[in-house]
Structure formats: structure tokens, C-alpha cells
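Enquirer: coords please:
(2 chains)
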2 protein chains.
Amino acid sequence: MILTVTLNPALDVTYDVGKLTRHAGHRVRRVQKRAGGKGVNVARVLAALGQEVLATGLCGGPTGDLVREDLDEGGVPHSFQPVSGDTRRTVVVVDDDATVFNEPGMLVHPAEWSLFQARFSRLVQSASVVVLSGSLPPGLPVDAYAVLTRLAKDAKVIVDASGPALSAAVTASPDLLKPNAQEFAEAGLSPTGTLVVSQGAGGMVAMTDGRCLEARPPEVLKGNPTGAGDAAAAALAVALRDAAPWDEALRDAVALSAAAVLAPVAGSFDHAAYRRFRPRVSVKEVPCPW
Amino acid sequence: MILTVTLNPALDVTYDVGKLTRHAGHRVRRVQKRAGGKGVNVARVLAALGQEVLATGLCGGPTGDLVREDLDEGGVPHSFQPVSGDTRRTVVVVDDDATVFNEPGMLVHPAEWSLFQARFSRLVQSASVVVLSGSLPPGLPVDAYAVLTRLAKDAKVIVDASGPALSAAVTASPDLLKPNAQEFAEAGLSPTGTLVVSQGAGGMVAMTDGRCLEARPPEVLKGNPTGAGDAAAAALAVALRDAAPWDEALRDAVALSAAAVLAPVAGSFDHAAYRRFRPRVSVKEVPCPW
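Expert: Here you go, the predicted structure:
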């Protein structure tokens, strides 16, 4: 089983407006609600691929109830630690493109974090791969991902994070870091261990054992890039579980990521495009850019 | 007692962002939640004035619970009809000014509307004035305010609405219509009965018995105009209850409205400014503009 961890999930609320005008009033034409957060998106993609997956993390309040209900409706198995705070919302205002407002997230108390660690230690016993994704809510220690990486023991660990949470995670030597290029640059990491850096429309570069492979999508795609990185993380989790060769892993990650750009919401992908893209992703060895 | 009716209340959620940029992502620095909707704002102002008030309307779901809790915390008595839908949210993004996103509101079922009419008929027996404010949620008949005006019997009725809801309300001859200038123009009403039209920074014009009075604020104010019209409705409700002369009623409405502009959120006002403005509002008879 692949275990995805979302410590700061969100209810993604999409507002359809005619045109966003700063400092004006808007009648929202349509409201859509969906469970979100990077790890939740990874779990959705894995479930859609037919992979055995379980979503965990921290979830609370009436908004947390909506997150759980939406996962139930989407057929994504989950086991979140209940917390006293209300899960955050992300408001996405859509006209011809998206304007996003991310709430900071509920305050997590130390006792809740302890309860989650106990839950995680139990769940990870059945997991072959763990994916730790996204931001940390207020109240959690900055080294939360390092703590979970150490608790993961025999399971392989992927970390897809940014900023201090990413830098702190590195100290526990997770099996794979998967930041995007900006997150990687900002964290100021020295490239040790296995690293996959996503470069948006430019594809991905993997560094492992001191060698670098670059994979590029077959075409430049226009669509919704939110969640493309999470689709890549899903593909890499499967590859890590199956000990797939790195060129195969990258080909799959880039194809799934590109197919996610064509889907309207994060956590979904265009199945036909995925099958079409997969054999057409180019992978070659390149001089390491770091 | 003054009864305020809010058929489409909202949880007003304010996002503090550095600067709103269209098609960008934003980290929200602070989230504030507050019960809102025009009738709720009127009730808040009346409670702050020490007037006996009760807020009613339709309220449901987890967001409705937050609306009720916030009214409890604010000391505003309420008796809302529970409904199955979830009360809407209004998202206000604040940088150096406000950008507002209004959700359309929950779908109300005919049985819920019938239950509300029964509740209203009961509550209105203790009311001397009823204030019907704001938009109608999906599912309600367009003549909802006309229906309630007829059910109000001996209580005086103020309607502060816009569009078809305002036009339909007129057929039941409420005691006072209080649209703003734009709402009045858009509804294409012929000016019959008593009418107070608010004109933003220009003050208000009242027409009653074919005569028109204009009241102007003592100074041009910079601040938050949201809720200024609701403060005016609160003052007019008190004046109607006390059968105050129209020049007094208008002076009070303009002073309270101006004091609301100086307060940071809708439903509140600057008490000292209200006392300072009141004797300085100019009221004079003018040729009727309609």
C-alpha cells in the first residue's frame, strides 16, 4: 500500500466568476468544493490508477468533515487524525485563469501531533512507500517530515515540500526528494541522495548516484498546472515501490504529469492522454545542472 | 421589538493579503469570520444602539452554525429557521481596498419556506417594525417580500432590496422602501408610498406624501461603505417605531450611516462619530428628483 500524508489538507473551493476585477464586487456563478492538498491529490491519482493507497494526515472541524465526505465520494480510502481546529479552505477564483487564496491552516496542538505520530507508525507498517507532501500547518515543528521519515522505518519515503520543511526533511535522508525547480533553489539544498526536480513545461530532471537524467514531455501543453507535480509524485511512488529503472520512472512521471495538466482539477488526469504520452516522453542522460 | 429578516445570510470571511494580483497565488495572512447579510447587519446595529431586536431568516448547515455562534458572541438575539442547505459564504479579499465574492446561497425547499412563514407569523406578533433586507436565496419565490409584508399585519414594514425582489415587494405596499439610488433606478419603480433612497456620500432623499427631503452628511468620509445602508435602515426602523418626524428620522439615518463608514466592518459604527455627526446633518426640502 502507498500511504500519502497531508498534514495541512484543504477544502478547495472554486468560484466561477465572469471576470475578476480588483476592488469590485462579484456574484459567484458556480461554487464547487473538493478535498485538496498535495497529498490528497497524490492519493486521488493513485486511486484512479487502481493502485492500493491510503490517505492520512490531520483533519478537523466542519470543513474537515467535508474533506472526508468528498474523499468517500471519490472512492479514496482515508484515515485522518481528527484535530480540534477547522481544516482550512483554499479559494480558487476562475475567470480565464486561476487566482488562488490559500488559508494558512488550523493550529495543531502538540498532543494532536503526538496522536498523529502514533497513527502514522501504525499505518506505515502496511505501507511500502510513504509520500509526504505539502505545507505544514501552524503549530507543527519544522522538522515534522524528518520525524515521520525516521518513523517510516522499512517503507520508502518521498518528500514533496518547500522551504524550511524541505530543508529540515533532508536531515533524515528520505529516499527521494521531489521539489519543483523553484522550491529546490529556494531551499538552498546541496544535491545529495536521489532527487527529482520538476521544471513545469520543461519536464523533470532526476539525479541519482551522481548521474542525471532529463525527461521531457512530448508536447507543450496548455491547461491547469495545479496538481501536475502531485501526479508526478504518484508515478514516482509506484516506481519506487516496484524498484523500476529510473528512465522508466521518469517517463511515467512526466507522462502522468502532462496528462494532469489536461484535466480540469488537481488530482485528476486525462487517461487517454496518459497512454498516448507515455511512449513519447524523451529521456536522456544530461550533465547534472547542480 | 424590531424584527430583522435575512433570508440569505452569509458567513463573511475576510482574507488579509499583501496585494491582490489577478491570476496569481496568495498566502492569506489572516482569516476573520463574521455573521453577515444585510438584515444581520441591521440587527447588529440595533443591538449596539441598545434597541430591542430579534434577527430571523433562514440558516443551515455547518456554515449556518458558525453564523449562529457569531451572533451569540455578538449578543444579537436570533431565531432562524433551520434549513437543509449550507448557508453561503462571502469572501472579502482585503489589500488596500476590498474585492468581494458573493456566493449565490443555498437552495431553499418549498416546505422550508412554508415553515419560515409560520415562524415569521408567530414572531411578528411581538414586533412593531419588520426590516426585510437583502437578496433572496435560490428556490424562494420572487414575491417573498410581498408575502411577508402581507403576513406582517399590524407591524410596520421596511424593505431594503433590489431588482425583481424589490419590484415584487412594492405590490404589497410596505410602509417604507429603502433602496440605494442604483437599486431604485434599476427596479424602474414609480415613486409611490414612502421612499428613502440612499445616495452614498451624497446622503439620502426621502419622499413622503409627495414632498421630498434631502439630508446630507456633515463631511465627506473615507472608510468602509459596506453596511452603511444597513445602519441607515436600523435608524429608520427606530424612527418608524417611534413615529418620529421625517426630518429627525433622516438626520439620524444619515449620521448613523456616516458613523458606519468609519467602522472597519459592516454592522458596526463609530459611536463617538455618530453623536458628533447627528446635530450637524443638514436637512432641507428639495424638489422631488423623481
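Enquirer: so what's A:R241 up against?
Expert: A:I2, A:S128, A:V129, A:K156 (Cβ atoms under 8 Å, 6 or more residues apart in numbering or on different chains). (Glycine included, C-beta is placed from N, CA and C.)
Enquirer: I should have written A:V17 there, sorry.
Expert: Residues A:H26, A:R27, A:V28, A:R29, A:V93, A:V94, A:D95, B:F101 are the ones in contact with A:V17 under the rule Cβ under 8 Å, 6+ apart.
Enquirer: Which neighbouring elements make contact with the one helix or strand A:V205 maps to?
Expert: For A:V205, the element it lies in under DSSP states H and E is strand A:204-208. In terms of contacts (3 or more Cβ pairs under 8 Å, 6 or more residues apart in numbering or on different chains; DSSP states H and E), strand A:204-208 is packed against strand A:195-198, strand A:211-216, helix A:246-261.
Enquirer: Apply 10 Å and report the result again.
Expert: Using 3 or more Cβ pairs under 10 Å, 6 or more residues apart in numbering or on different chains; DSSP states H and E as the contact criterion, the secondary-structure elements in contact with strand A:204-208 are strand A:176-177, helix A:181-187, strand A:195-198, strand A:211-216, helix A:228-241, helix A:246-261, strand A:282-286.
Enquirer: Show me the two of the contacts of A:V17 that sit farthest apart.
Expert: Across the contacts of A:V17, no pair lies farther apart than A:R27 and A:V94, at 14.0 Å, counting by Cβ to Cβ.
Enquirer: Just to check, A:E248 is in contact with A:V254?
Expert: No. The pair A:E248 and A:V254 does not pass the contact test of Cβ atoms under 10 Å, sitting 11.2 Å apart.
Enquirer: Have a look at the two and say which one is more surrounded.
Expert: For A:E248 against A:V254, the residue with the higher neighbour count under other Cβ atoms under 10 Å in any protein chain shown is A:V254, and the figures read 29 against 14.
Enquirer: Okay, the more buried one and A:A233: tell me how far apart.
Expert: 12 Å (Cβ to Cβ, to the nearest Å).
Enquirer: Quickly list what's touching both of the two.
Expert: A:S198 (Cβ atoms under 10 Å, 6 or more residues apart in numbering or on different chains).
Enquirer: Check the stretch 1-150 of chain A for the residue nearest chain B and tell me.
Expert: For the stretch 1-150 of chain A, the nearest residue to chain B under the criterion Cβ to the nearest Cβ is A:P62, separated by 3.2 Å.
Enquirer: Just the element for that residue, please.
Expert: Using DSSP H and E, the secondary-structure element containing A:P62 is helix A:61-73.
Enquirer: Return that helix as PDB; C-alpha atoms alone will do.
Expert: What follows is helix A:61-73, C-alpha atoms only, in PDB (Å, rounded to 0.1, in the frame of the first residue of the first chain):
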ATOM      1  CA  GLY A  61     -14.000  20.700  12.200                       C
ATOM      2  CA  PRO A  62     -16.900  21.100   9.800                       C
ATOM      3  CA  THR A  63     -14.600  21.700   6.900                       C
ATOM      4  CA  GLY A  64     -12.700  18.600   7.700                       C
ATOM      5  CA  ASP A  65     -16.000  16.700   7.600                       C
ATOM      6  CA  LEU A  66     -16.500  18.000   4.000                       C
ATOM      7  CA  VAL A  67     -13.000  16.800   3.100                       C
ATOM      8  CA  ARG A  68     -13.700  13.300   4.400                       C
ATOM      9  CA  GLU A  69     -17.100  13.200   2.600                       C
ATOM     10  CA  ASP A  70     -15.500  14.200  -0.700                       C
ATOM     11  CA  LEU A  71     -12.900  11.500  -0.400                       C
ATOM     12  CA  ASP A  72     -15.600   9.000   0.400                       C
ATOM     13  CA  GLU A  73     -17.500  10.100  -2.700                       C
END
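Enquirer: just checking, A:V92 is part of a strand?
Expert: Yes. If the criterion is DSSP: H, G, I helix; E, B strand; the rest coil, then A:V92 is within a strand.
Enquirer: Tell me, how many residues neighbour the spatially closest residue to A:A169 that is not a sequence neighbour?
Expert: When the adjacent residues along the chain are set aside, A:A169 lies closest to A:Y145, with 3.7 Å between them (Cβ to Cβ, 6 or more residues apart in numbering or on different chains). Applying the criterion other Cβ under 10 Å, we find 28 residues in the vicinity of A:Y145.
Enquirer: quick one on the thing from earlier: just the buried ones out of the contacts of A:V17, please.
Expert: Burial by neighbour count, 16 or more other Cβ atoms under 10 Å in any protein chain shown: within the contacts of A:V17 this picks out A:H26, A:V28, A:V93, A:V94, A:D95, B:F101.
Enquirer: quick one, strands of the stretch 1-150 of chain A?
Expert: Remark: strands of the stretch 1-150 of chain A, listed N- to C-terminal, are A:2-6, A:10-16, A:25-27, A:30-36, A:53-60, A:78-83, A:88-94, A:98-102, A:129-133; assignment by DSSP state E, counting those that start in this stretch.
Enquirer: can you list these in TSV and add distance to B:G57?
Expert: As requested, the strands of the stretch 1-150 of chain A are exported to TSV (distance: least, Cβ to Cβ, whole Å):
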stretch	distance to B:G57
strand A:2-6	37
strand A:10-16	23
strand A:25-27	20
strand A:30-36	20
strand A:53-60	28
strand A:78-83	32
strand A:88-94	24
strand A:98-102	28
strand A:129-133	41
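Enquirer: Kindly check the end-to-end length of stretch A:121-136 for me.
Expert: By Cα to Cα, to the nearest Å, the extent of stretch A:121-136 from end to end equals 19 Å.
Enquirer: follow-up on the earlier one: please spell out which residues along the helix holding A:P62 are buried.
Expert: Taking 16+ other Cβ under 10 Å as the neighbour-count basis, helix A:61-73 is seen to contain the buried residues A:G61, A:T63, A:G64, A:D65, A:L66, A:V67, A:R68, A:D70, A:L71.
Enquirer: Between strand A:2-6 and that helix, find me the angle.
Expert: Counting by axes from the mean of the first three to the mean of the last three Cα atoms, to 10 degrees, helix A:61-73 points 160 degrees away from the direction of strand A:2-6.
Enquirer: ok, A:A237 - how many residues close by?
Expert: Using other Cβ under 10 Å, A:A237 has 29 other residues around it.
Enquirer: Within range of chain B, give me the residues from the stretch 151-290 of chain A.
Expert: Taking Cβ under 10 Å from any Cβ of the partner chain as the measure of proximity, the stretch 151-290 of chain A contacts chain B at A:T226.
Enquirer: so what's whatever residue of the stretch 151-290 of chain A ends up closest to chain B up against?
Expert: Of all residues in the stretch 151-290 of chain A, A:T226 sits closest to chain B, at 9.2 Å by Cβ to the nearest Cβ. Residues in contact with A:T226 (Cβ under 10 Å, 6+ apart) are A:12, A:36, A:38, A:41, A:90, A:92, A:98, A:100, A:260-261, A:263, A:265-267, B:25.
Enquirer: So it: helix, strand or coil?
Expert: A:T226 ends up coil, using three-state DSSP.
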